[in-house]
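J.: I'll drop the sequence and a predicted model, then ask my questions.
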Amino acid sequence: MTIFIKALLILLLTFNLSGCVDATQQLIDRITAYITSTYNPSMFENKNGKVFLIDDDEPFTGKMVENYKNGQQKLYIEYINGLISGPWNEWYENGNEKITGVFVEGSGTIKHFDIDGTRTMESHYEKGKLETIKEYSPVGQLLGVAGKLGIPLDTEYKLEATLEGNSKTECKHLAKKFLRHPEQFLDNWAAIKEKHAFKSEHVSLVYNYQNGNICATFPLNNGLLHGGHYLYLPDGVLLKYVRYREGEIYGEFATYIEKAGECYVGSNTSGAAGGRWHGTCNRIND
C-alpha cells in the first residue's frame with residue numbers, strides 16, 4: 001500500500017468522525033477494492049446487460065466477491081468489459097453450491113441448486129441477457145422451458161392433475177388423445193382462462209403419476225400447443241419429447257426406444273422430419 005493511500009485512509013477515517021459514516025465507508029470500500037481487485041455487489045449497477053461500477057462510465061473488468069458474516073464465501077464472478085467471462089459461482093451459508101456456470105463474453109449457462117444439492121433450474125444467457133430458463137422437478141425431470149420456443153419469459157401458469165395409477169400405457173393414451181385432437185385446447189381456451197383467472201396467455205398442463213413423477217406436459221399459448229411437450233415413463237425416464245410452435249411440430253424431437261435402450265433424436269421443420277440420428281435423451285434434458 002502506497003504512502004498516499006495510507007494517508008488518504010487516515011484522512012477518511014478522521015472525516016468519518018464528523019458524521020459522514022456511510023459516504024466515508026463507501027470510499028474506503030472503493031479504495032480497498034481497487035487495491036485487492038475485488039468488489040462486492042453493492043458497488044455495481046446494470047446497464048443494458050452490462051455491469052458498471054456505480055458512477056463509472058467504463059464497463060467493469062475484475063472480480064465480484066461477497067462473503068457471509070461467518071467468512072464463508074457467498075459469491076464469486078469474473079467480468080471482462082462488463083460481461084461475465086469466466087466462472088459464476090454462488091454458495092449457501094453452509095458451503096453447499098447454489099449456482100455454478102462458466103461464461104464467455106456474457107454467454108453461458110448456470111445451474112441452480114437447492115440447499116440439499118438438487119438441481120432446480122438452468123438459466124442460459126447470451127451477451128449478458130437472459131434467454132431461456134429450464135425448470136426441473138426434485139427427481140430431475142424437465143418441467144418446462146421458458147423463452148425462445150418455450151413458454152415466454154413473462155408469466156407461466158400450471159394446471160396439474162394426477163392419473164389414477166402409475167401405468168405408462170395410461171399416460172401414452174392420454175398423450176395420444178391430446179395430440180390427436182389439439183383443437184380441444186383451442187375450443188375450451190376461453191372457459192379455461194376465465195375459470196382460473198389467468199393473467200397470461202401461456203399455460204402448461206401437467207399430468208402426474210400417483211408416485212409423484214410427471215407423466216406428460218402440454219405447453220399452451222392462446223390455446224395452441226407452443227413449446228416443449230414431454231412424455232415420461234413412471235420411473236422418470238424421458239420417453240418422448242416434441243417441440244411445438246403455434247400448434248405445429250417444429251424443431252427437435254426425441255423418442256426413447258425401451259427395448260434398444262437408446263434415444264432416437266431428430267428435427268422437424270413445419271412438420272417435415274429431417275436430420276435424424278441416434279443419440280441420447282440427455283441432450284434434451286440437459
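T.: Thanks, I have it. Numbers count the residues shown, from 1 in each chain.
J.: Isn't Tyr68 up against Lys74?
T.: Yes. Assessed by C-beta atoms under 8 Å, Tyr68 is found in contact with Lys74 at 5.1 Å. The C-beta positions use only the backbone N, C-alpha and C, and glycine is treated the same way.
J.: So those two - more neighbours on which side?
T.: Between Tyr68 and Lys74, counted using other C-beta atoms under 10 Å, Lys74 has the larger neighbour count: 17 against 14.
J.: On the three-state scheme, the residue nearest to the more buried one when sequence neighbours are not counted is what?
T.: Counting by C-beta to C-beta, 6 or more residues apart in numbering, Glu66 is the residue found nearest to Lys74 once chain neighbours are left out, at 4.6 Å. With DSSP: H, G, I helix; E, B strand; the rest coil as the basis, the three-state label of Glu66 is strand.
J.: How confident was the prediction at Glu66?
T.: Predicted confidence (pLDDT) at Glu66: the value is 88.
J.: count of neighbours near the residue lying closest to Asn208 once chain neighbours are set aside?
T.: Leaving aside its chain neighbours, Asn208 sits nearest to Thr162 (4.9 Å; criterion: C-beta to C-beta, 6+ apart). Other residues lying near Thr162 total 13 when counted by other C-beta under 10 Å.
J.: One more: Ile80?
T.: Ile80: 16 surrounding residues under other C-beta under 10 Å.
J.: How about Val104?
T.: The criterion is other C-beta under 10 Å. On that basis, Val104 has 11 neighbouring residues.
J.: shouldn't it be in contact with Pro87?
T.: No. In this structure Val104 lies outside contact range of Pro87 using C-beta under 8 Å: 11.3 Å.
J.: Quick check: Lys63 touching Tyr79?
T.: Yes. The pair Lys63 and Tyr79 qualifies as a contact (C-beta under 8 Å) at a distance of 7.5 Å.
J.: returning to that earlier point: so the residue nearest to Asn208 is in contact with Tyr207, correct?
T.: Yes. Thr162 lies in contact with Tyr207 (C-beta under 8 Å); the separation is 7.4 Å.
J.: Name the residues contacting each of those two.
T.: When C-beta atoms under 8 Å, 6 or more residues apart in numbering defines a contact, no residue borders Thr162 and Tyr207 alike.
J.: Dihedrals phi and psi, Ala216?
T.: Recorded main-chain torsions at Ala216 are phi -160, psi 150, according to degrees, to the nearest 10.
J.: same deal with Thr169?
T.: Main-chain dihedrals, Thr169, degrees, to the nearest 10: phi -60, psi -40.
J.: Quick check, pLDDT for it.
T.: Looking at Thr169, its pLDDT is 84.
J.: Who are the contact partners of it?
T.: Counting by C-beta under 8 Å, 6+ apart, Thr169 makes contact with nothing.
J.: for the stretch 101-250 of the chain, what spans make up the strands?
T.: Chain-ordered strands for the stretch 101-250 of the chain, with DSSP state E, counting those that start in this stretch as the definition, fall at 107-113, 119-126, 129-136, 142-146, 157-162, 202-208, 214-221, 224-225, 227-232, 238-245, 248-257.
J.: what stretches of the stretch 51-200 of the chain score poorly on pLDDT?
T.: Per-residue confidence for the stretch 51-200 of the chain (pLDDT under 70) gives these ranges: 143-158, 182-188, 192-200.
J.: rerun that using 50 as the cut-off
T.: Low-confidence segments of the stretch 51-200 of the chain (pLDDT under 50): 149, 152-155.
J.: still on that earlier bit, identify the contacts common to Tyr68 and Lys74.
T.: Glu93.
J.: Please parse this structure into its domains.
T.: Here the domain parsing of the chain from automatic domain parsing is 1-36, 38-136, 153-286.
J.: Just the terminal-to-terminal distance for stretch 69-85.
T.: Chord length of stretch 69-85, first to last residue, is 27 Å (C-alpha to C-alpha, to the nearest Å).
J.: Okay, buried residues for that stretch please.
T.: 74-80, 82-85 (16 or more other C-beta atoms under 10 Å).
J.: Which of the residues you listed fall in strands?
T.: Taking DSSP state E as the definition of strands, these contribute 74-80, 83-85.
J.: how about JSON lines for those, with distance to Glu135 added?
T.: Rendered in JSON lines, the data for those read as follows (distance: C-beta to C-beta, whole Å):
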{"residue": "Lys74", "distance to Glu135": "24"}
{"residue": "Leu75", "distance to Glu135": "23"}
{"residue": "Tyr76", "distance to Glu135": "25"}
{"residue": "Ile77", "distance to Glu135": "23"}
{"residue": "Glu78", "distance to Glu135": "27"}
{"residue": "Tyr79", "distance to Glu135": "27"}
{"residue": "Ile80", "distance to Glu135": "30"}
{"residue": "Leu83", "distance to Glu135": "25"}
{"residue": "Ile84", "distance to Glu135": "22"}
{"residue": "Ser85", "distance to Glu135": "27"}
